[in-house]
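A.B. asks: pasting a predicted model and its sequence here:
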Amino acid sequence: MGVERKTKVGCCGFVVSQQEYFQLFNLIEIQTTFYQLPRLQTAEKWRATAPQGFEFTMKAWQLITHEPSSPTYRRLKSKIDPAKLDHYGSFRVTPEVLEAWNRTAMFARTLGVSIVVFQCPASFRPTEQNVANMREFFIRIDRAHFLFAWEPRGKWPEALVLQLCEELQLIHCVDPFKNKPQYGDIKYFRLHGITGYAYRYTDADLQMLKEWVHEKATYVLFNNNWMKDDASRFMLLM
């Protein structure tokens with residue numbers, strides 16, 4: 001799927017009613033798909049309701065990236081078979097993870113998603129096994145027309161991130177106030193708050209952010225408690 005060469009600004013999730021959100025922004029990153037995939041009818045409704053030119057991105061289902069020990073699994077509706085706990089997460093190429101991707105991709109296609117974000121927990125470290133899992137997973141799955149963005153949140157060497165992103169054609173997704181993107185024809189920023197989710201970005205912060213988005217097309221997704229206000233302010237600044 002093609003991507004326009006410009007900066008797009010939005011929030012991670014509907015922070016207001018959908019009708020109001022569509023009036024404020026031209027981009028959203030759907031979060032609910034990480035915890036539990038909604039019904040396909042929900043994707044159809046969102047796509048039909050969105051105005052022309054509105055763009056959806058979304059997070060991949062946690063069954064792909066996160067271990068069942070993650071507290072985020074508490075929001076999973078279907079219980080995991082205790083005998084298969086080691087079949088999920090960390091990009092393991094198991095029938096369960098591949099099925100989770102197939103269902104993620106089906107929802108993304110129905111919604112008309114441009115970019116699927118694979119956000120990893122900090123516990124996903126650059127071990128040989130994790131790197132091997134990533135290689136096999138991204139080589140095996142059908143990419144369809146999606147772009148993939150990978151957000152490693154643990155301590156990964158920049159050289160390894162660059163190598164994997166280039167090899168597997170992944171956009172290196174970062175919080176630009178914490179890391180520099182290593183690879184991608186576009187930039188994909190997720191802003192979690194400089195000191196945490198309660199952080200409110202200052203005018204100086206947003207001016208600095210503006211300077212970082214000029215080189216290439218950039219997706220700017222605010223994910224802090226003040227995301228609606230901060231995203232609106234940044235759009236005015238742009």
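C.D. replies: Done, it's in. Numbers count the residues shown, from 1 in each chain.
A.B. asks: contacts, neighbours, all on C-alpha from now
C.D. replies: OK.
A.B. asks: Leu209: how many residues sit nearby?
C.D. replies: Residues near Leu209, counting by other Cα atoms under 10 Å, number 17.
A.B. asks: and it, how far from Ala144?
C.D. replies: 32 Å (Cα to Cα, to the nearest Å).
A.B. asks: go on, Tyr183?
C.D. replies: Distance of Tyr183 to Ala144, computed by Cα to Cα: 21 Å.
A.B. asks: cool, and Met58?
C.D. replies: 15 Å.
A.B. asks: gap between the spatially most distant residue from the centre of the chain and Lys77?
C.D. replies: Distance from the C-alpha centroid of the chain, by Cα atoms, centre = their mean, peaks at Ala83 (29.5 Å). Going from Ala83 to Lys77 by Cα to Cα gives 18 Å.
A.B. asks: cool, and Leu168?
C.D. replies: 31 Å.
A.B. asks: more neighbours: which of those two?
C.D. replies: Neighbours were counted for Leu168 and for Lys77 using other Cα under 10 Å; Leu168 has more, 16 against 10.
A.B. asks: sorry, back to before: neighbour-wise, which of Tyr183 and Ala144 wins?
C.D. replies: Neighbours were counted for Tyr183 and for Ala144 using other Cα under 10 Å; Tyr183 has more, 19 against 9.
A.B. asks: what's the pLDDT at the more buried one?
C.D. replies: If you check Tyr183, the pLDDT there is 95.
A.B. asks: isn't it up against Glu166?
C.D. replies: Yes: counting by Cα atoms under 8 Å, Tyr183 touches Glu166, with 6.7 Å between them.
A.B. asks: all helices of this structure, in order?
C.D. replies: 18-24, 32-35, 40-49, 62-65, 95-111, 128-140, 158-168, 203-212, 227-237 (DSSP state H).
A.B. asks: the first one: how far from the chain's middle?
C.D. replies: For helix 18-24, the distance between its averaged C-alpha position and the chain's averaged C-alpha position is 21 Å (Cα atoms, centre = their mean, to the nearest Å).
A.B. asks: state the mean pLDDT of it.
C.D. replies: Rounded mean pLDDT across helix 18-24 is 95.
A.B. asks: the closest residue to Val9 other than its chain neighbours and Lys8, how far apart?
C.D. replies: Closest residue to Val9 in three dimensions, ignoring its sequence neighbours and counting by Cα to Cα, 6 or more residues apart in numbering: Val220, at 4.8 Å. Per Cα to Cα, Val220 is found 6 Å from Lys8.
A.B. asks: equivalent analysis for Ala231, please.
C.D. replies: In this view, Ala231 and Lys8 are 10 Å apart by Cα to Cα.
A.B. asks: which of these two has more neighbours?
C.D. replies: Comparing Ala231 with Lys8 by neighbour count (other Cα under 10 Å), the higher total belongs to Ala231, at 23 against 20.
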